[in-house]
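Chemist: Sequence first, then the predicted structure, then my questions.
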Amino acid sequence: MPAAKDISFSIDYDKDLNAEQRQAVMAPMQPVLVLAGAGSGKTRALVYRLARMIELGLSPSQIRLLTFTNRAAKSMLERASALCGAIGKDVIGGTFHSVALKDLQRFAEKLDYTPQFTVIGRDDVKDLINLIKAQRKDPDELDRLPSADILLEMISLSINTLTPIDKVIMSRHPRFYELCEEIGAVAREFFERKRAMNVMDFDDLLVNWYTLLKEHEDVAVQLQSEIKAVLVDEYQDTNNLQCEIVKCLAQGSNNITVVGDDAQSIYGFRGASVQNILNFEKMYPNTMTVPLLTNYRSTPQIVELANASRKWANEGFKKELLALKIDGAAPAAVACRDVNMQASFVAQRIVELSNEGVLLDEIAVLYRAHHHAMELQLELMRRQIPFVVRSGLRFFEQAHIKDVIAHIKYAYNPKDEISFRRAARLHEGIGPLIAEKLWQVMSQRGDLASVNIGSRARIGVTQFLAVMDSIARAKSGHVGQLVLAVMREFYERYAMHNFTNGQQRCDDIKQLATYAASFTSAEKFLSELMLLSDFGVEEIPASGESEKIRKVTLSSVHQAKGLEWSQVFVVWLCEGRFPSELALRESNGLEEERRLFYVAATRAKDALHLVHPNVARHNDWRQIMLRRSRFIDEITSHAENWVVEEEIKNDQQFAHI
DNA sequence: AGAGTGGGCCTTTTT
DNA sequence: GGCCCACTCT
């Protein structure tokens, strides 16, 4: 350990932390497993442990902080800075993917990539898979192969769980088992094509990082001697690949702290394994395990409900949360006649709460699937209640953003076939076939000037070249100029002509330009854009930002993890919806759905409303009866006396404001 | 032949 | 709102 540096801060651990937290924070530099129940101050513990490491003399660049979202990393580093000065911000931290990106850019050549490689998102990956499928020799194979979505899921799961692809096919998609070889061939070509294009997808970031650590000893030695501490947040959501990566990173120092709650493991569908946290003590001998069970967030009623739900789980550490707050209102289970009633009930209750003085940004509505928010959005709009939707498409996944980015990506990386095709096809007269032809010419001859093409596509090709030219000229300015170049030369007209909300989309692109301007290089911008998961529109520094309006939050349960609100409504709590019918078909599906319910319930600080409609329309036609979710039954059977059940009937009149 | 358009059908969760 | 298919237009 390096000698303690001149430290000009002091932390009052006794005052700021409770006994459990202090035990975790002050533990020696050895493997530490912090089993942190919901609302038990796990972030605080992790931030203080980070500060403690710095206090003991580690320099920030020797610490790796791995979190689940960029937002979590950012807020932890900010809090650490508040404790131990600005150096707290120099810690290398972020999501697994973004930290991987940093190491991979340093050592790209080792893997036959150039450091300028870009990261591609899900849709680009899908396009590439479809392209590979279409170009396979045997045409009737095309019909037999799974859809790009399913292929991608197989490949991704195989990578993230470190399982051979035929085993994944066998267990998750047995009906495609006879096509194992063909699927394997597609997967291999998929990897080769990405390397040839100098791009990586999300999975490549992890798997290449792992390869770097596992198969390039010189790199591994260098990194392992550099890294003196590894801290991992949300450890229950790591998959096998991430688990192995963490092990490699911590190998040099054996100083690893992981924080997590097995009761909140909700990413099994993408390969996460609760077993990683359950087996941590076996994997790291001499682990000090510290449970954090004091809940600071919720009323005793909500905590008791959460504990009651946990009793039904058939695996995991046995632990009960202890509530610290004073009594609050009993959680309510509310039956609504139908979906519209459910929406108006929630909207109405929001109005009432608002009139009682609850701020709108202290209220959230959570649901299992994006489309569960449809009716509610309409109802909130009708009543002019401001809201933000945290789920659904992310900013950079929207078509217009991707269109503009595709042009810039291609301009910077002429090997990027996917971006070329996407960009080219936006121009008049260019469809899949002409784009293919153009790509052939382009990749062989390097320019399109003399391309032999019908008169119809001529205009489009000219326009496309004009955009490329415009981008080339903008390269001398700041990164935002690139975005504006595409916009001015072409996309503004295109958007106004092709979208009903063209103006809005153009505004989005202008925001993108502002955001891009904050990057020092186009390469940085292009790589990192894909990894920015949680910026909604307002998280881009807007130019003329007006004063903040408080809004109700609508969110999927997955995206609500780690957040909290005073008032939480969980909607669509009926069998088939939450728990989801599809999820129940997977092995251990019910267990994960219950954990998801647990996550939803423990977001609430003061009041929890569990809402479910009794009937709904199936495919817009047949009325079907719905049974309320077994998760409500499970908790009421344990604790009837503190759940209030209400029924909202069709004829019940609601007051308006 | 290939580009573009409109209708019908489905929709789990995400770095 | 996305995806696939069938249809029309050039």
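Modeler: That came through, no problem.

Chemist: Tell me the residues of the stretch 51-200 of chain A that contact DNA strand C?
Modeler: Proximity of the stretch 51-200 of chain A to DNA strand C, by C-beta under 7 Å from any atom of the strand, involves residues A:123, A:126, A:147. All C-beta spots, glycine's among them, are computed from the backbone N, C-alpha and C.

Chemist: Buried members of these into PyMOL, please.
Modeler: Buried residues within those, by 16 or more other C-beta atoms under 10 Å, are selected in PyMOL with:
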select buried, chain A and resi 126
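
Chemist: Now, the residues of the stretch 51-200 of chain A next to DNA strand C that are in strands?
Modeler: Counting by DSSP state E, none of the members of these fall within strands.

Chemist: Take the residues of the stretch 51-200 of chain A next to DNA strand C and write them to CSV, including distance to residue A:314.
Modeler: Below are these laid out as CSV (distance: C-beta to C-beta, whole Å):
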residue, distance to residue A:314
A:123, 38
A:126, 36
A:147, 34
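
Chemist: and the residue in the stretch 351-500 of chain A positioned nearest to DNA strand B, what is it in contact with?
Modeler: In the stretch 351-500 of chain A, the residue that lies nearest DNA strand B is residue A:431 (2.5 Å; C-beta to the nearest atom of the strand). Residue A:431 is in contact with residue A:425, counting by C-beta atoms under 8 Å, 6 or more residues apart in numbering.

Chemist: Let me see the contact set for the residue in the stretch 201-350 of chain A that DNA strand B sits nearest to.
Modeler: Per C-beta to the nearest atom of the strand, residue A:269 is where the stretch 201-350 of chain A lies closest to DNA strand B, at 3.4 Å. Applying C-beta under 8 Å, 6+ apart, one finds that residue A:269 lies in contact with A:583, A:586, A:592.

Chemist: Mind doing that once more with 10 Å?
Modeler: A:153, A:157, A:558, A:582, A:583, A:586, A:589, A:592 (C-beta atoms under 10 Å, 6 or more residues apart in numbering).

Chemist: Confidence-wise, which of those residues comes last?
Modeler: Minimum pLDDT for the contacts of residue A:269 is recorded at residue A:586 (80).

Chemist: And it, how far from residue A:558?
Modeler: Per C-beta to C-beta, to the nearest Å, residue A:586 is found 16 Å from residue A:558.

Chemist: what does residue A:59 give?
Modeler: For residue A:59 relative to residue A:558 (C-beta to C-beta), the value is 35 Å.

Chemist: Show me what from chain A comes close to DNA strand B.
Modeler: Within chain A, the positions lying close to DNA strand B (C-beta under 7 Å from any atom of the strand) are A:68-69, A:95-98, A:122, A:202, A:267, A:269-270, A:368-371, A:391, A:394, A:425, A:428-435, A:456-457, A:460, A:531, A:533-534, A:556, A:558-559, A:580, A:582-583, A:586, A:619.

Chemist: so who does the residue lying closest to residue A:46 once chain neighbours are set aside touch?
Modeler: Distances taken as C-beta to C-beta, 6 or more residues apart in numbering place residue A:259 nearest to residue A:46, at 5.2 Å, with adjacent residues excluded. Neighbour list for residue A:259: A:24, A:32-36, A:42-43, A:45-46, A:49, A:67, A:231-236, A:277, A:290, A:292 [criterion: C-beta under 10 Å, 6+ apart].

Chemist: go again using 8 Å as the cut-off
Modeler: A:34, A:36, A:42, A:45, A:46, A:231, A:232, A:233, A:234, A:235 are the contacts of residue A:259 under C-beta under 8 Å, 6+ apart.

Chemist: coming back round to it: now the residues of chain A next to DNA strand B: which count as buried?
Modeler: A:68-69, A:95-98, A:202, A:267, A:368, A:391, A:394, A:425, A:430, A:434-435, A:457, A:460, A:531, A:533, A:556, A:558-559, A:580, A:583, A:586.

Chemist: Out of the residues of the stretch 51-200 of chain A next to DNA strand C, name the ones that lie in helices.
Modeler: Within those, residues falling in helices by DSSP state H are A:123, A:126.

Chemist: and the residues of the stretch 51-200 of chain A next to DNA strand C as TSV, adding pLDDT?
Modeler: Listed next are these as TSV, based on pLDDT from 0 to 100:
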residue	pLDDT
A:123	84
A:126	88
A:147	84
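
Chemist: what's the closest of the residues of the stretch 51-200 of chain A next to DNA strand C to residue A:350?
Modeler: residue A:123 (34.4 Å; C-beta to C-beta).
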